[in-house]
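Undergrad: Next comes the sequence, and after it the predicted model I'd like to discuss.
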Amino acid sequence: MSGSDSQPQTQNGIKHITVLGAGVIGLTTALKIQQKGGYQVTVIAQDFPTDPKTVTYASLSAGAHHVSVAGDDVAQRKIDIETFKTMWDLSSPEGDAPGCFKRLKQKEFHREPTNLDTLSLMPNYTELGKDELVPGAISGITYDSVNTDAPIFLNYLLSTFLASGGHIVRGSVLHINQVINGGPGAFAEPDAHVRFPLPDAVVVCPGLGARYLGGVEDTDVYPVRGQTVLLNAPWVDFCMSLSGGPGKIWTYVIPRRSGNVIIGGTYEADDWHPRPRPETTRDILERVLEICPEIAPPEIRAQRKPTVDDILPIIVEESCGLRPCRKGGVRLESEWLQTSTRRVPVVHNYGHGGFGYIACYGSASVALKLLEEALAQ
């Protein structure tokens with residue numbers, strides 16, 4: 001499928017860029033490049049936001065509230081802050097996409113000492129007193145942040161990309177040389193109305209797929225399974241999380257503009273199980289109830305202490321996704337790849353794990369800079 005029936009521009013100076021992957025990183029990167037001007041961008045992906053959820057397309061199942069873990073990492077801090085500022089602007093009543101976000105005061109609690117260098121830069125940052133902490137926490141902070149409704153935001157990115165003149169092609173790429181030598185046309189429908197020239201550059205944003213993509217085959221990429229529960233709880237009007245401790249378990253409550261609340265979660269490295277586990281759902285509900293009994297219906301809380309069974313009737317869905325983590329951290333760099341017939345620059349932007357929504361716009365800016373530097377050579 002393609003974004004429009006028109007022919008891509010072929011005037012001198014227009015560069016044709018192919019982006020692999022349509023998760024939150026792939027779509028923000030493609031949009032950033034397309035909107036810069038001078039580029040015709042085509043996204044090739046197996047999964048798109050309009051598709052049913054799958055465990056490998058983790059972007060659709062994300063909690064997606066903005067809690068940076070950059071600490072004193074200056075480069076990552078810059079990426080995370082740019083992303084936050086962009087989403088904050090988009091989420092304003094006068095912004096381009098307020099329906100994708102919910103602005104709320106975030107309360108973050110920690111089970112162990114935490115580097116707060118980046119979070120201290122957030123609006124209205126304040127440290128919480130000991131009497132304000134939830135069970136198990138040794139410290140806590142509060143600040144203004146933004147929650148992203150992942151499915152709605154992904155479709156906003158996709159539609160904005162197409163409206164900006166971008167194209168999309170559904171395809172399962174086995175080797176990067178298929179794209180370098182054949183371009184998006186190698187995967188397009190035979191009767192496609194768009195002609196796809198060979199790419200002047202390729203941007204690799206396949207998430208977990210970077211582990212298996214021929215010509216990349218990054219063995220440092222591995223899955224961290226995350227399971228979440230979506231509740232219909234419009235009475236919850238605050239956002240909170242409890243992090244740290246054994247197993248890196250992150251318990252969170254993230255309201256969305258729709259009135260739904262996503263709660264979680266899990267951190268299961270190298271766990272490939274593709275469906276939600278009932279026992280994990282119950283564990284999530286027990287953990288969240290301990291720190292946030294307000295997820296239970298008000299009429300229940302008015303009578304007695306709520307239990308897990310009181311939450312079951314308001315469950316909308318259970319989801320799980322394989323976060324694309326990477327040993328050594330995110331790969332944001334460029335290289336030149338030589339095939340038998342062509343030599344092109346390739347920009348890598350993957351390995352963000354569970355922090356893709358926190359880093360998407362900032363990492364897209366870095367990818368664009370790398371792309372332009374490579375093409376200038």
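TA: Right, received. Where do you want to start?
Undergrad: Quick one: residues contacting Gln227.
TA: Contacts for Gln227 (Cβ atoms under 8 Å, 6 or more residues apart in numbering) come out as 264-266, 268, 276-277, 280-281, 284, 318-320. Backbone N, C-alpha and C define where each C-beta goes, glycine included.
Undergrad: Rank those residues by pLDDT and give me only the lowest.
TA: Ranked by pLDDT, those bottom out at Gly265, which has 86.
Undergrad: what is the rounded mean pLDDT of the host helix or strand of Thr83?
TA: Secondary structure assignment for Thr83, by DSSP states H and E: helix 74-91. Per-residue pLDDT over helix 74-91 has a mean of 95.
Undergrad: Go through stretch 94-101 and flag the buried ones.
TA: Neighbour-count burial for stretch 94-101 flags 97, 100-101 (criterion: 16 or more other Cβ atoms under 10 Å).
Undergrad: And Arg3, what's its pLDDT?
TA: In this structure residue 3 is Gly, not Arg. In this model, Gly3 carries a pLDDT of 46.
Undergrad: hmm, what's the outermost residue in the protein?
TA: Gln303 (39.4 Å; Cα atoms, centre = their mean).
Undergrad: Tell me the backbone dihedrals of it, please.
TA: Phi and psi for Gln303, reported as degrees, to the nearest 10, are phi -100, psi -40.
Undergrad: any idea how far Lys107 is from the residue nearest to Ile291 when sequence neighbours are not counted?
TA: Nearest residue to Ile291 in three dimensions, chain neighbours excluded: Val134, at 4.0 Å (Cβ to Cβ, 6 or more residues apart in numbering). Per Cβ to Cβ, to the nearest Å, Val134 is found 8 Å from Lys107.
Undergrad: repeat for Ala186
TA: Taking Cβ to Cβ, one finds Ala186 at 50 Å from Lys107.
Undergrad: where does the stretch 51-200 of the chain dip in pLDDT?
TA: Applying pLDDT under 70 to the stretch 51-200 of the chain flags no residue at all.
Undergrad: Where do the helices of it begin and end?
TA: Here the stretch 51-200 of the chain has its helices, by DSSP state H, counting those that start in this stretch, at 74-91, 150-163, 176-182.
Undergrad: out of the ones you listed, nearest to Thr28?
TA: helix 150-163 (6.2 Å; Cβ to Cβ).
Undergrad: Going by neighbour count, which residues of the closest one are buried?
TA: So helix 150-163, judged by 16+ other Cβ under 10 Å, has buried residues 150-158, 160-162.
Undergrad: Any chance of the residues you listed in a markdown table with distance to Trp88 as columns?
TA: Shown next, in a markdown table, are the buried residues of helix 150-163 (distance: Cβ to Cβ, whole Å):
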| residue | distance to Trp88 |
| --- | --- |
| Ala150 | 17 |
| Pro151 | 20 |
| Ile152 | 17 |
| Phe153 | 14 |
| Leu154 | 19 |
| Asn155 | 20 |
| Tyr156 | 15 |
| Leu157 | 17 |
| Leu158 | 21 |
| Thr160 | 17 |
| Phe161 | 21 |
| Leu162 | 25 |
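Undergrad: quick one: which two of those residues are the most distant?
TA: Going by Cβ to Cβ, the pair spanning those furthest: Ala150 and Leu162, at 18.9 Å.
Undergrad: Report the contact partners of Pro234.
TA: 259-260.
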